[in-house]
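> Got a sequence here, can you model it:
(4 chains)
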Amino acid sequence: MNLIFDLIIAVCLVGISMRIIFARGHFQAIVLFITYGLFLALAWTRLNSPDIAIAEAAVGAGLTGVLLMDTLGAIKTSEEKKMRIKVPLKLAVMSIVLVIVLGYSALQIPSDFSGLSLTVHNAMPLSGLEYSVTAVLLDFRSYDTWLELGVLLTAVIGVLTVRRRNSLTGSALPAPAEPVGRWIIKILLPFMVIIGGYLLWLGAFAPGGAFQAGVVLAGAGVMLWQAGHPCLAVLSNSSWRLLLCLGFSTFLILAASSLYYADQMLTHPQIKAWILGIEYAATISIAICLISLIQASPNSKLDKVS
Amino acid sequence: MPELLILIPFSAAILSFVIPEKFRKWIGLTAALFILVSSLDLNKKIYTNGIQRLNLGGWDPPLGIALNIDGLSIIFTLLTATVGFMVSLYSIWYFSKGEQAEQDGYFWPLWLLLWGGLNSLYFVADIFNAYVVLELISISAAALAALNGNASSLKAALRYFLIAMAGSMTFLMGIGFIFAQTGSLDMQTVAAAEQHGPLMFSAIGLITLGLIMKTALVPFHFWLPPAHSEAPAPVSAILSALVIKGSFFLILRFWFCVFHEAQAMYYTSLLLGVSGVTAVLWGSYQALIQSRLKMIIAYSSVSQIGYLFILFPLMFMSADPYWKLEAWTACIFQTISHGLAKAALFLAAGNLIQSCGTDHIKSMRNIAGSLPMTTFTLGLAGVSLMGLPPSGGFVAKWMLLQSILTSGQWWLAIAPVLGGLLTAAYIFKILSSTFVSDQKGPQKRNISFFMEKSALILALLSILMGFRAEEISFLLQERMSFDLSGGYLP
Amino acid sequence: MTTFAIYSITAVVLFCVGLMGLAVHPNLLRKIVCLNIMAGGAFLFLISLAYNSQGPEMDPVPQAMVLTGIVVAVSATSFALCLTRMIKERTGQCHLEGSDKDKDN
Amino acid sequence: MNLFEILSIIFCLCGGFFFLGGTVGLIRFPDTYSRLHALTKADNLGLGFIVLGLIMVSSSMPEIVKLILIWLLALIGSSSACYFIGNHMHQSNKPQSIQDESDF
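Numbering: from 1, shown residues only, chains lettered A, B, ... in the order given. Below you'll find the model as predicted:
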């Protein structure tokens, strides 16, 4: 039964990805891409990875979808003709050969493959956390997470550079236009903040954590923005910048102070307190960075306001 | 302490992002100075005490992530610190006037983030960590390439970024295959594990493919000339001297520290060798027929990258461990001398453009008269690229040629011989146009003292590094975290 | 036929479809979508590995890798989309071929 | 198999039927307004039935509360989305079938 379910998901994923390539309109391709994200989220659930399912549904299907749609709205031209994509025979053959080679080798995985699960399992009591994915992200491999926050920050600075913008803040707040829009914000916003906080708290012992919480909060921000309410406007320029790099710099301070106290980077006598602080800082930074990435896009509503 | 080389640029990047724009350059310069000093200090430590391996977060690999600092890392760190310091010095004046002034505030945070990323890359000892660092480098490098903001530079930046992203994804898939075979992400553990069969074959292919896309080896070179020539001068210097060297560094790490699946590596190395020779010839030919100075220099990068890949077939075909070591040393020498000379060339080109307003070589008449120091810089860097003694380029090409001849792979010798001639041709094309005297030429603007000096110092270093050959060879041959001559085992 | 086999093959196919799409599509928006398809394939492969792990529980390391990867992918996507929009604003084109001139001159 | 499990299966099948109906409506109805109508009404009912079916077999109170919450949030989401699309169509006075949808 499970295998049938797996096969259905697999066939749908491949089918959707092919349709995305061959879709004639961009709008269609983007809608299909959002569907692709949702099917991936199904696959993650099936593969016992609820963390990634949450992240994928929120980011892959949600935020990326919003970004793509928004860009499509900006670059759409009236005379755009629908195109038919032809794959050159050479390329098609090359792709099929690649699929066969990679697919054949993927199946040659050693039968006793256990990855690092045993190593992590044995080290779990030594870390202060109860949930293994959070422990890997924030304790065992915290260096990666630090640099990941760096990548997010770099992307925001990159977007600001390309846009030649110094600030996304400080413009006047317009009232959300629609009564229904106002109403829905009133209802949903508290929910999203609560869910974000809940996911953050959950991360210590169950699927959830800083990233998922940050994405949900960013979703709340994007909703506000879509309703005509540039939510970054309440911040001053300097506090916005500080919040953007809050997560990255908390890690940086941990790294520097641990080098001083423990002579080794990212380990510290009070590491548990640090991890808690980093989780909160990272959640805020991730939310603010993602909102900024969407709001900084050209022709966005903020431009029209200011 | 090696960690400082990661902490300083990142802290400076954050600081320069939150403070007002006019102070950013001074933060940048101070950080550059500190990085230079601490990498010289680290160099001394590695030279005398041997390699360092540091665990992060108090966890031993494969559970945690480690840093690995050996002779190879320290050479790349020093190259980055030297070029980075000179470029920072140059940038303070380059971005202070004219149309470049509005780019100043954006340049510093990105450049410092990129620098931090490069330093972390040189210390990398974990394959997934390498992926994250590569992404950090790609995004900041692409944003820097788009700094000009005009249509052509935006297009060039996006073309570069798309290729870099495709390379990253291919690399990530390769990481998955390595993890599937060995069950570990730590380079040392992966190197010690059994590596055989199709899984490893695919992993080697994917990792190498992903990285050569980012290194702009033929046939993935098409993004490089526009991206490097459209960027502002200091950014061009950073991109061609350091960023492509970053991904090349990772290829070396993987090929000489991680992989030891001999058969797959043998065939892949042949392909890399063919691409390398093609790149040398095609790049030099293209450089010869260009008419814009920065395009010539950018195509010259395509050809000089080709030399680096001649190492791989030599490693697998030459029987004598002594010549293997020679070829290895030659390759790193080529990396350093190209990095220094290319940075000098781009900075000098930036001076010429600020002076004449264009980089069309027809319009650079009488430059030798008005900007003698910049012309001298072009000449010196050209000498190093051509491989004339006593430059670093000469040492590199001489050792390369020797190990090619002893290995009996005559076809590889085409590259240094013919490539050297073509290089000489395009360097003379640049130089001869600067000596044409033409009184009617456009009004030349004055160039800041520091801008001329920093380009000159880089060019001088690329010549003078030949005199430090012994120390560099020592670092390369005695301070390795892997054993080159005894197969490719850790 | 096991769950691992189904998903790892799917992952490889998705990766290759994305790569092929990246090569054939001239339009920038579609190229970026294709990059995301590739990323989905790479992530799926890692998670199917985690699922296949014979250890005491699901291997958490690939899961953490994919979470990191998703953040990296969305950062890169938004940066690329921003460049696309600027190119459109400047040149009126959404592809990289043809002239590199600004729209106004 | 006890009574709750049988009821659960029946409710879930009902839910599936309404979803199917909503999808058929989306494809077959001629214009945006009627498509919206099919989508929101039938799908919300379908989701409601499935949630009811799952409540029958759920073991704890928090689980039931979460399931009901999911349904309520989906109701709010889809009804307001429906309103926004409808309002947009009404205000822009576009021809009543979206051009891009004809591709599907």
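> so where's chain C shaky on pLDDT?
C:1, C:98-105 (pLDDT under 70).
> who's in contact with the spatially most central residue of it?
By C-alpha atoms, centre = their mean, chain C has its centre lying nearest to C:Asn36, at 2.3 Å. Contacts for C:Asn36 were tallied using C-beta atoms under 8 Å, 6 or more residues apart in numbering or on different chains; they are A:33, A:60, A:64, C:18, C:73, C:77. To be clear about C-beta, it is placed using only N, CA and C from the backbone, and glycine gets the same treatment.
> Wait, a helix at it?
Yes - membership of C:Asn36 in a helix is supported by DSSP: H, G, I helix; E, B strand; the rest coil.
> follow-up on the earlier one: closest to D:Ile68 out of the contacts of C:Asn36?
Closest approach to D:Ile68 among the contacts of C:Asn36 (C-beta to C-beta): A:Gly60, at 27.3 Å.
> residues near the closest one, how many?
Residues within reach of A:Gly60, counting by other C-beta atoms under 10 Å in any protein chain shown, total 28.
> Over to it. Which of the three states is it?
Strictly by three-state DSSP, A:Gly60 counts as helix.
> Could you find the closest non-adjacent residue to the closest residue to chain A within chain C?
Relative to chain A, the nearest point of chain C is C:Gly55 (3.1 Å; C-beta to the nearest C-beta). Leaving aside its chain neighbours, C:Gly55 sits nearest to A:Ser117 (3.1 Å; criterion: C-beta to C-beta, 6 or more residues apart in numbering or on different chains).
> swap in B:Leu4?
Per C-beta to C-beta, 6+ apart, closest to B:Leu4 is B:Ser38, 4.8 Å.
> C:Ala64 - nearest residue in space that isn't next to it in sequence?
Using C-beta to C-beta, 6+ apart and skipping residues adjacent in sequence, the residue nearest C:Ala64 is A:Val136, 4.0 Å away.
> Could you pull up phi and psi at that neighbour?
As for A:Val136, its main-chain torsions (degrees, to the nearest 10) stand at phi -60, psi -40.
> bridging residues for B:Arg53?
B:Asn68 (DSSP bridges).
> give the contact list for it.
B:66-69, B:125, B:481.
> For the helix ranked longest in chain D, list every residue counted as buried.
Identified as the longest helix of chain D according to DSSP state H is helix D:61-92. Across helix D:61-92, burial judged by 16 or more other C-beta atoms under 10 Å in any protein chain shown covers D:67, D:71, D:78, D:80, D:82-85, D:89.
> Enumerate every residue touching the residue lying closest to A:Ala58 once chain neighbours are set aside.
In this structure, A:Ala58 finds its nearest non-sequential neighbour in A:Val215, 4.2 Å apart by C-beta to C-beta, 6+ apart. Going by C-beta under 8 Å, 6+ apart, A:Val215 touches A:54-55, A:58-59, A:62-63, A:286-287, A:290.
> give me the element the nearest residue to C:Ala73 once chain neighbours are set aside is part of.
Nearest non-adjacent residue to C:Ala73, counting by C-beta to C-beta, 6+ apart: C:Ala39, 4.6 Å away. If you go by DSSP states H and E, C:Ala39 is part of helix C:28-52.
> I'd like the next helix or strand past that helix.
Following helix C:28-52 toward the C-terminus (DSSP H and E): helix C:60-91.
> just the angle between that next one and helix C:28-52, please?
What separates the directions of helix C:60-91 and helix C:28-52 is an angle of 180 degrees, with axes from the mean of the first three to the mean of the last three C-alpha atoms, to 10 degrees.
> gap between helix C:60-91 and the chain center?
Chain-centre distance of helix C:60-91: 8 Å, with C-alpha atoms, centre = their mean, to the nearest Å.
> What are the buried residues along it?
In helix C:60-91, counting by 16+ other C-beta under 10 Å, buried: C:60-88, C:90-91.
> Look up how far B:Lys324 lies from B:Ala32.
Distance from B:Ala32 to B:Lys324, counting by C-beta to C-beta, to the nearest Å: 36 Å.
> Next: A:Thr64.
Taking C-beta to C-beta as the measure, A:Thr64 and B:Lys324 are separated by 47 Å.
> Looks like B:Lys155 contacts C:Leu96 (just checking).
Yes - under the criterion of C-beta atoms under 8 Å, B:Lys155 makes contact with C:Leu96 at 5.5 Å.
> neighbour-wise, which of the two wins?
B:Lys155 (27 against 18).
> Sweet, I'm off.
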